[in-house]
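Enquirer: okay, here's the prediction I keep looking at, along with the sequence it came from:
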Amino acid sequence: MGYDLHITRAEDWVESANQPIFPSEWLKCINDDPELCIDANSPNDSEPWAVWRGSGQTVLNEDEQSLFLWNDGQIGVKNPDSATIRKMVQIAAIFGARVVGDDGEEHFQNGELVVERHVETGLLARLWAKCRNRSIPERKFTRDVLRWDE
């Protein structure tokens, strides 16, 4: 079990197939980036996987390398560290895409992590509104900005 981040063009990463990053685009990105190489275990060119070996300044040992898996229109990485997240954001910019987590939070190049979530109207507020024949307050969103690179 782990936590995945996804490079996607879709509003919700689970819908990446509707706004896909095509395998041919991903292969071109891998070939154009000297820090990436095709993973030896990649199933085929229609589902290319890549290994990130680290930046030009730091070549990672085999245990530290990150595996970028293309699947169904998105590119995912399991349990990425902050350096890998920076690389993912860099790659996402090439595709006009975003880096989002399993729960929908978005990661940005400047190190911000933005979490948007619904704030449910409390049970008492909904009951009070109903008793007074008023409309139930609309669901609100909250937007938290955190840092992932500290």
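Expert: On my side now, so go ahead.
Enquirer: which parts of this protein are helices?
Expert: Using DSSP state H, the helices of the chain run over residues 23-32, 82-95, 123-131.
Enquirer: out of these, the one nearest residue 110 is which?
Expert: helix 82-95 (9.1 Å; CB to CB). (Glycine included, C-beta is placed from N, CA and C.)
Enquirer: angle of the closest one against helix 23-32?
Expert: Calculated by axes from the mean of the first three to the mean of the last three CA atoms, to 10 degrees, helix 82-95 forms an angle of 120 degrees with helix 23-32.
Enquirer: tell me how this structure divides into domains.
Expert: Domain assignment for the chain by automatic domain parsing gives 4-108, 110-150.
Enquirer: out of the ones you listed, which gets the lowest mean score?
Expert: Mean pLDDT is lowest for domain 110-150 out of the domains of the chain, coming in at a mean of 56.
Enquirer: correct me if wrong: residue 91 contacts residue 29.
Expert: Yes: counting by CB atoms under 8 Å, residue 29 is a contact partner of residue 91 at 6.4 Å.
Enquirer: neighbour count for these two, which is higher?
Expert: residue 91 (24 against 19; other CB atoms under 10 Å).
Enquirer: what residues does the more buried one make contact with?
Expert: Residue 91 makes contacts with 7, 29, 33, 68, 75, as judged by CB atoms under 8 Å, 6 or more residues apart in numbering.
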